[in-house]
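K.L.:
Structure of the sequence below:
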Amino acid sequence: MTLDETLGFELVTLDEASAHARVDIDERHLQPLGVVHGGVYAALAESLASHATARAVGPSGLVALGLSNDTSFFRPISSGTIRADAERLHRGRTTWVWDVRLTDDDGRLCASSRVTVAVRPR
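P.N.:
Numbering: from 1, shown residues only. Prediction:
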């Protein structure tokens, strides 16, 4: 099983300029204090950015690999759904950069990530 499958990530839409995903929170996603573990936010953001990049560059024989992930946390949640909305900021020959906003059911910002994806030959 992949990490996406293990954590229940659902990729909703992927295109070259934006992408959207979601995950329904359950006990797998919580840290000992009962709130979503920061790694869930970071993993969802990186997965979304990597998949969107891969879909765009794959037909050219290239692969997308996470290069860096800087995630900041603003609001804890313990239930409901995390929605991830990614906007591509840079499309280079060897790197793509994405801004990912992670929100709760009320649309409040819970975390944000800046994800850089390396683009390399297969």
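K.L.:
any idea how far the residue positioned nearest the centre of the chain lies from residue 59?
P.N.:
Among the residues of the chain, the one closest to the centroid is residue 45, at 1.6 Å (CA atoms, centre = their mean). Distance of residue 45 to residue 59, given as CB to CB, to the nearest Å: 24 Å. To be clear about C-beta, it is placed using only N, CA and C from the backbone, and glycine gets the same treatment.
K.L.:
what do you get for residue 21?
P.N.:
Taken as CB to CB, the span from residue 21 to residue 59 is 21 Å.
K.L.:
more crowded one of the two?
P.N.:
residue 21 (25 against 7; other CB atoms under 10 Å).
K.L.:
Check whether the more buried one really touches residue 81, as I assumed.
P.N.:
No: if you go by CB atoms under 8 Å, residue 21 and residue 81 don't touch, sitting 10.5 Å apart.
K.L.:
Just after the lengthiest helix in the chain, pick out the following helix or strand.
P.N.:
Looking across the chain with DSSP state H, the single longest helix is helix 38-57. With elements assigned by DSSP states H and E, the helix or strand that comes after helix 38-57 is strand 62-73.
K.L.:
Which SSE is immediately downstream of that following strand?
P.N.:
Following strand 62-73 in sequence, per DSSP H and E, is strand 81-91.
K.L.:
hmm, back to that, verify the contact between the residue nearest to the centre of the chain and residue 115 for me.
P.N.:
Yes: with contact defined as CB under 8 Å, residue 45 and residue 115 form a contacting pair (5.5 Å).
K.L.:
anything in contact with each of those two?
P.N.:
Jointly contacting residue 45 and residue 115 under the rule CB atoms under 8 Å, 6 or more residues apart in numbering are 69, 86, 98, 100.
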